[in-house]
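*Asks:* the sequence and its predicted three-dimensional model are supplied below.
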There are 4 protein chains.
Amino acid sequence: MEDRELKQDDLKVESVGEPKIPSPLAVGSLGGDVEMASVRENRTVLFDTDRDTLLAAVRAGNEVPAFEMAGPRHKIFFDPARVKAAIVTCGGLCPGINNVIRTLVFELYYRYSVRSVLGIRYGYRGFIPKYGYEPIPLTPEDVKDIHEKGGSALSSSRGEQDSGEVVDFLQRKGISLLFAIGGDGTLRGALEIQREVKKRGLHIAVIGIPKTIDNDIAFVERTFGLETAFSVAAESIRSAHTEAIGAPNGIGIVKVMGRMSGYIAANAALALNEVNFCLIPEVPFELEGSFGLFALTEQRLRQRDHAVIIVAEGAGQEFVEDKTGKKDESGNVLLGDIGVFLKANLKKYFKEHTDLYVNIKYIDPSYMVRSVAANAHDAIYCIQLAQNAVHAGMAGKTGLIIGQWNGQFTHVPIALATSRRKVLSPEDPLWLSVLEATGQPVKIG
Amino acid sequence: MEDRELKQDDLKVESVGEPKIPSPLAVGSLGGDVEMASVRENRTVLFDTDRDTLLAAVRAGNEVPAFEMAGPRHKIFFDPARVKAAIVTCGGLCPGINNVIRTLVFELYYRYSVRSVLGIRYGYRGFIPKYGYEPIPLTPEDVKDIHEKGGSALSSSRGEQDSGEVVDFLQRKGISLLFAIGGDGTLRGALEIQREVKKRGLHIAVIGIPKTIDNDIAFVERTFGLETAFSVAAESIRSAHTEAIGAPNGIGIVKVMGRMSGYIAANAALALNEVNFCLIPEVPFELEGSFGLFALTEQRLRQRDHAVIIVAEGAGQEFVEDKTGKKDESGNVLLGDIGVFLKANLKKYFKEHTDLYVNIKYIDPSYMVRSVAANAHDAIYCIQLAQNAVHAGMAGKTGLIIGQWNGQFTHVPIALATSRRKVLSPEDPLWLSVLEATGQPVKIG
Amino acid sequence: MEDRELKQDDLKVESVGEPKIPSPLAVGSLGGDVEMASVRENRTVLFDTDRDTLLAAVRAGNEVPAFEMAGPRHKIFFDPARVKAAIVTCGGLCPGINNVIRTLVFELYYRYSVRSVLGIRYGYRGFIPKYGYEPIPLTPEDVKDIHEKGGSALSSSRGEQDSGEVVDFLQRKGISLLFAIGGDGTLRGALEIQREVKKRGLHIAVIGIPKTIDNDIAFVERTFGLETAFSVAAESIRSAHTEAIGAPNGIGIVKVMGRMSGYIAANAALALNEVNFCLIPEVPFELEGSFGLFALTEQRLRQRDHAVIIVAEGAGQEFVEDKTGKKDESGNVLLGDIGVFLKANLKKYFKEHTDLYVNIKYIDPSYMVRSVAANAHDAIYCIQLAQNAVHAGMAGKTGLIIGQWNGQFTHVPIALATSRRKVLSPEDPLWLSVLEATGQPVKIG
Amino acid sequence: MEDRELKQDDLKVESVGEPKIPSPLAVGSLGGDVEMASVRENRTVLFDTDRDTLLAAVRAGNEVPAFEMAGPRHKIFFDPARVKAAIVTCGGLCPGINNVIRTLVFELYYRYSVRSVLGIRYGYRGFIPKYGYEPIPLTPEDVKDIHEKGGSALSSSRGEQDSGEVVDFLQRKGISLLFAIGGDGTLRGALEIQREVKKRGLHIAVIGIPKTIDNDIAFVERTFGLETAFSVAAESIRSAHTEAIGAPNGIGIVKVMGRMSGYIAANAALALNEVNFCLIPEVPFELEGSFGLFALTEQRLRQRDHAVIIVAEGAGQEFVEDKTGKKDESGNVLLGDIGVFLKANLKKYFKEHTDLYVNIKYIDPSYMVRSVAANAHDAIYCIQLAQNAVHAGMAGKTGLIIGQWNGQFTHVPIALATSRRKVLSPEDPLWLSVLEATGQPVKIG
């Protein structure tokens, strides 16, 4: 993702006040003097890692944007003995939510000796009195086993709530550290909350942990849950392939999540490399014509007797979109079902235009993909995100999310992260790998 | 399954001729003298195992029906040096098909020294010249790794073919041992073939290995693939449950296979005991009324905030059936989609009749359930079925399938096995276990 | 397992008193009239299912032994409103313990409205004051998630405790229903407890649920956990095979549990059919000589470049046994390590007697096999065992375990079940399947 | 990993000649004009990504070292119609070897139309006539299913062979592209081969794909198989934890691979965050004393009744090392068994110094960890490594491995990669995460 106009100012992180309290980590909550060299207070992570680009910028006297590196700080802002924290999980399920919750609680409790953590039930609704959800206290004992489960131990809901009411709640309960786990909408909500906090002149830090199975948060290399998601989606590809080769002229179609970004589809197509066509929102395709999907599928069947297609839910929306613009509770435009459409129209094509009787098997593993427990990769990533979120929060930083860039954990201002959606560029090496591994043409149609 | 009118004659197994050749197993292909005690040439398996019932029958001078026990015989009919075998797989995929194929080949090759085995491609179509599928020779080297994969290494197809043409093929190729792996339709086809063979006075044995993920073959306790199927289906229940508890008033619905028999649904409901309502074809239910599914689901939500429903595809067909009676290629009536129906109508019910805004997540794992490789349980069962199929075939028995009864492997005449469909009796201890484990009422509605 | 001298009297089940209270199940705790036909109060399960054997016995006027069938009864002995139950888990871990605990609690609570259930901590020690373990109350809320985990939610310990002290505890706490989950030693302990109860003239029912990963409880077809165990063990065979084919002259050795019974080894050898030699305690083998294990392994390497061996821990003990007769806490003789022995001695053999440089990879998956959560098969089986245990206990039956015979759930007197150990007969069809599937000689050596 | 003395010259990649042939990828083997923007011929990947460090270097006029970015090139050196490639796999098994082999073959065949690829059997031995292993031709059909399996489809062996003999083989067979998949020893071997090639003035490119489950290749962020390895190792931690909480004073010990690097142990400890002490080669620890492992374990047991320890095989070697300096076939010093040592000595400690009777369960999952098939993460990584290896080789680059740095694929000279071993720095954020997540002191002892 290139963004030539990125300014260093966009990467600047806000703070609720100056950290003056020595961190318990620095003075040895781990039973000795932590190697504070690893804390890297002033380390940064360059946005662009190409040498020539860098040198050119330096020579031209231009800014060289870099993210603030995440990690524990020598001094913290909040007094552990007095601070109260709250955790909220919003939006759709995603593998790893419970791992994040668990580590937030463990890190606050064991590393910073914070004794008061509240779990907010059912997303932002849990802040709003009219819904009647009581927050629940969270101790290590309460959360010690939740990492083995999918879903959210706090439950979730879609949709934002009035930021004024949320801040009322925070004030009423004396909360000064809010961790919001959620996607684009949730983070926008968190930003509103942070702005309201600021307007009221409160010392409340708002830290986001980006959660989107679609991996579509800008300025963040990857979001937790993605790895688990494409691992499970890959199982569906195996099924689709098995079905496709098991019947005469078999076609297996798998639809996966990915409203605007094709990361799950692209990764799954590599993870189980039995896919012939991978269709994602970022790369338009045609159905008709000699190089359209129908003709290419026919050609594949004539050569190899079977074909496997994976399609992201947001791909090819021009063929299925509902012009009425209906939206779901999170404010997302309702998508037409490209998977069901492809199944019906491939069948129609072969019946009307060819002599091939095709066997189409359509698999939609969506809920199974997102409701499982985090795999080992995501389990680790979630621990690291949550540890860094606690470090940032305790240090008094606010209005940021924990991201990753060039393999390093970073602080990314929420305003920047929500300023656009990340998509998979057709020039990304990942997409080129998909093209090479599937053999599908650069342009279908 | 009680069947008071079962006659011993119905259980009688046919044969293509008298076995006169000493079995290689008996004379030591295993490097020594096999414990032929285990062969149990004349052992039987009683149909009914209740003592009082049996004693009453004996005292009344009635027949006490029993199956012939399967297993190796001291003498065989076919000369291993000359016999040619063929294997065909028909109908939908089912976990374990490849395990059966592999063991058939291994057992014929290594234990009986049969050197010529043909794999018929794409089901019964592979016998019919017009389709142009050439059979492929099968050696242990060819099949040694296939047990780790789902699907069928021979591919499959639906529908019967003319039994005359099939027998023409068998004669043309000099095949005298046919193993047909398939469900009810396939077995009817095998019976036709066996009858045609008999009419022509040929010495060709036809042995069926019942394959139906629905477990609906009569006089057979269980069919291979069922265990794998409900194991995978249980994962979907976990997802449905996780989704249901993850959102306000969450309802998870899982639809599994089971056209006329609810075995997958019932077993899955026990295997992951988070189900509140299990709906199967054998037990009618109502939607409306104070004790109907809608009201019970509402009651559950009000008490526990979430609900999980598993439904077999053949359940509640009166609500969705297509009156036109359309059939698929196997001659099965096309079913209406009860899963989609329930999703839509539960949503409608809650919107129109209650103040609850429900979050319904619908999961249809069907192809993922049937296309996976056999689990350990089915892997063992498939080996045993295939070993016994080879024993039966080499001994010259014909027109039978390998079944299991009271935990023992049996010979079941195809005519008997296809005379009706097995269903899950509401009086079966399995169903009572489901009622106890779900807490659902005996009668919904 | 044949046992010609079995008397019907051995199968007779004891009772603490006459059941007079109508069962809540019979009068509709499931929201309607349960199909009591399925309860089968007087149904039995014949010990032997061979027709000729049966008819001969009848004609000779001999007894025809049969087990009492398990299941709910129309009348129960204990008053649900007053009864207190206790659950204890003893011995080594086994997949499914938590499933049994959970269903015991659910069934008692929801189906019989029993409100008081105690969990005894750390096995029989939990009854003995000096250890200081307090029992914990168990409600459905406490146990609702434990079935997803391996181990025992109550923890376990080895060794028996004084039955007098145990009964003191039961009296002190007012417990009249004791469920003991454990193996041979535990069941002997339970029998002692039941006898002490009887001696004191108390109305306390003692119900055992046999738990042994080795499947070595007599008169019980299979014990829970076995299926999960051999499924996991099969994974080790895959590893051993992969390693064996990955290096020149590779030999993979897997050691599995099975002190006196080879069920895990035999089933695993079928479940992943890549095993060349399966060694179990019931079938002696030689190492030396032209037909000994060493020579056969060499022959296999020369033919196929690799070999896979699975060995039960109790096999070949004559080669490794410790003559001192040391025992573990459960009173089991300490076994020598046949796996480590085979690894060392195969290496020595090839070095000293051949020109082959072998690569031996030894895998001991024991704890991984027994500590995992129950798979779908065992999850179902555990539910059924526990439901039937509750039915038996509430009906006032005592001194029995819930078993399975000919596929039906049965009541088996503990005295009978502990009168001998079950072993895998070399004439059992399962062992013949192993011989056929591995190709190993009937006699090694 | 900081390395202040790294020179740009160390990062310079060699080449067998100037690429002059237009790449088939550039001219459309993918059915259109590939987005060559993604090829980034001249892109680099900065070694260090901290802005201040870089700006300081630039201002001081120092070098700013950067890796050459991997990827397809516009022009290639070898003529696809004439080039012959060979693939060899050496050393111990590692998840993903087959995925690399498969993609090498696929990429050469389908993307570059290279028709001749040889698989070398049993590692470097396969080049040496005296071993008598014939190379096998590899086509897509041969390798299409191998990615679903662990191990190496070509088999492997340890130890180097004479580079002169290897180059003789390459010349004899007309091979000009050699792909060597292996660890440190293998890569040193490859470097020898490349030097011999150069000495003889041949146009043979030698490309390495680093394979080490220990992740200990310098200048490469991660090696394939690591993710799968710690995922599987994490399962052992679950078992160890379950066993530990299942018995009085339970201690679970897991030993994992990692001779000099603790990556598997550290990652596994995070992936299943139930570990109390993670012991790695890079961080010394003491056994005795108030802050030694024994005392800390005792303290843990007294507080929580159970403890879980994970230890890398190379940790604490001072306690167990064999002073004789024996080596294995790959020339690695034979390690003492720290896992078995800890088990025995913890037992001894508790027996001799405390009143606690401990239950220690020791798990060594090593072969199971390394012999499984690649998980989804590694499957993707292997595809990308292999694609880039083919791109580099076809472009005539040589003496390099495909690495990854800051998330980008890179070319790393073998001489540099084998100049040292990568270890996990105690200052690495990963290790700090482990300390925070386990709560173990920075210094044990």
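*Replies:* Yep, it's here.
*Asks:* strands along the stretch 201-350 of chain A, start to end?
*Replies:* All strands of the stretch 201-350 of chain A, identified by DSSP state E, counting those that start in this stretch, fall at A:205-210, A:250-256, A:277-279, A:306-312.
*Asks:* reformat those as TSV; add distance to residue C:198, mean neighbour count and mean pLDDT.
*Replies:* No exception for glycine: its C-beta is placed from N, CA and C like everyone else's. Putting the strands of the stretch 201-350 of chain A into TSV (distance: least, CB to CB, whole Å; neighbours: other CB atoms under 10 Å in any protein chain shown; pLDDT from 0 to 100) gives the following:
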stretch	distance to residue C:198	mean neighbour count	mean pLDDT
strand A:205-210	61	29	98
strand A:250-256	63	29	98
strand A:277-279	71	26	98
strand A:306-312	67	28	98
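*Asks:* who does the longest helix along chain A touch, helix- and strand-wise?
*Replies:* Among all segments of chain A classified by DSSP state H, the helix with the greatest residue count is helix A:226-246. Using 3 or more CB pairs under 8 Å, 6 or more residues apart in numbering or on different chains; DSSP states H and E as the contact test, the elements touching helix A:226-246 are strand A:250-256, helix A:263-271, strand A:306-312, strand A:359-363, helix A:366-370, helix A:376-394, helix B:366-370, helix D:376-394.
*Asks:* restricting to C-alpha, output that helix in CSV.
*Replies:* Coordinates of the C-alpha atoms in helix A:226-246 are reproduced here as CSV (Å, rounded to 0.1, in the frame of the first residue of the first chain):
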residue,chain,number,x,y,z
LEU,A,226,-7.4,-13.5,9.4
GLU,A,227,-5.1,-16.4,9.7
THR,A,228,-7.6,-18.6,11.4
ALA,A,229,-10.2,-17.5,8.9
PHE,A,230,-8.3,-18.5,5.8
SER,A,231,-7.2,-21.7,7.5
VAL,A,232,-10.8,-22.7,8.0
ALA,A,233,-11.8,-21.4,4.6
ALA,A,234,-9.1,-23.6,3.1
GLU,A,235,-10.9,-26.6,4.4
SER,A,236,-13.9,-25.6,2.4
ILE,A,237,-11.7,-25.4,-0.7
ARG,A,238,-10.6,-29.0,0.0
SER,A,239,-14.3,-30.0,0.1
ALA,A,240,-15.1,-28.1,-3.0
HIS,A,241,-12.2,-29.7,-4.8
THR,A,242,-13.1,-33.2,-3.6
GLU,A,243,-16.7,-32.7,-4.7
ALA,A,244,-15.5,-31.3,-8.1
ILE,A,245,-13.4,-34.3,-8.9
GLY,A,246,-15.9,-36.7,-7.5
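*Asks:* list the buried residues for that helix?
*Replies:* Buried residues in helix A:226-246, defined by neighbour count with 16 or more other CB atoms under 10 Å in any protein chain shown: A:226-246.
*Asks:* swap in stretch A:82-100?
*Replies:* Residues of stretch A:82-100 classed as buried by neighbour count (16+ other CB under 10 Å): A:83-100.
*Asks:* show me which residues of the stretch 51-200 of chain A sit near chain D.
*Replies:* Within the stretch 51-200 of chain A, the positions lying close to chain D (CB under 8 Å from any CB of the partner chain) are A:51-52, A:54-55, A:58, A:64, A:66, A:69, A:71-72, A:102-103, A:106-107, A:110-111, A:147.
*Asks:* which of these fall in helices?
*Replies:* With helices taken from DSSP H, the overlap with those comprises A:51, A:52, A:54, A:55, A:58, A:102, A:103, A:106.
*Asks:* within range of chain B, give me the residues from chain A.
*Replies:* Of all the residues in chain A, those in contact range of chain B (CB under 8 Å from any CB) are A:93, A:122, A:125, A:149-152, A:155-157, A:235-236, A:238-240, A:242-243, A:245-248, A:361-365, A:367-368, A:371-372.
*Asks:* residue A:63 is in contact with residue A:8, correct?
*Replies:* Yes: between residue A:8 and residue A:63 there is a contact under CB atoms under 8 Å: 4.9 Å.
*Asks:* the stretch 51-200 of chain A: strands as residue ranges?
*Replies:* Along the stretch 51-200 of chain A, the stretches classed as strands by DSSP E, counting those that start in this stretch are A:66-69, A:75-76, A:84-89, A:116-120, A:136-137, A:177-182.
*Asks:* contacting residues for residue A:57?
*Replies:* Residues counted as contacts of residue A:57 (CB atoms under 8 Å, 6 or more residues apart in numbering or on different chains) are A:63, A:64.
*Asks:* separation between it and residue A:6?
*Replies:* Separation of residue A:57 from residue A:6 (CB to CB, to the nearest Å) stands at 11 Å.
*Asks:* hang on, the earlier thing: now do the longest helix of chain A, average pLDDT.
*Replies:* Summarised as a single mean, pLDDT over helix A:226-246 is 97.
*Asks:* pLDDT weak spots in the stretch 1-150 of chain A?
*Replies:* Scanning the stretch 1-150 of chain A for pLDDT under 70 picks out the ranges A:1-4, A:27-40.
*Asks:* what's the pLDDT at residue A:329?
*Replies:* Looking at residue A:329, its pLDDT stands at 70.
*Asks:* what about the nearest residue to it once chain neighbours are set aside, neighbour count?
*Replies:* Leaving out its chain neighbours, the residue that sits closest to residue A:329 by CB to CB, 6 or more residues apart in numbering or on different chains is residue A:158, at 3.9 Å. Per other CB atoms under 10 Å in any protein chain shown, the neighbour tally for residue A:158 reads 23.
*Asks:* in this structure residue A:158 contacts residue A:92, no?
*Replies:* Yes: at 7.4 Å, residue A:158 counts as touching residue A:92 under the criterion of CB under 8 Å.
*Asks:* what sits against residue A:166?
*Replies:* For residue A:166, the contact set (CB under 8 Å, 6+ apart) comprises A:124, A:127, A:128, A:189, A:193, A:196.
*Asks:* tell me the two of these that are most distant?
*Replies:* Longest distance between any two of the contacts of residue A:166 is 14.1 Å, between A:128 and A:196; criterion CB to CB.
*Asks:* compare the two (neighbour count), which wins?
*Replies:* Set side by side, residue A:128 and residue A:196 show more neighbours around residue A:196, with 20 against 17, by other CB under 10 Å.
*Asks:* quick check: the gap between the more buried one and chain B.
*Replies:* In this structure, residue A:196 and chain B are 25 Å apart, going by CB to the nearest CB, to the nearest Å.
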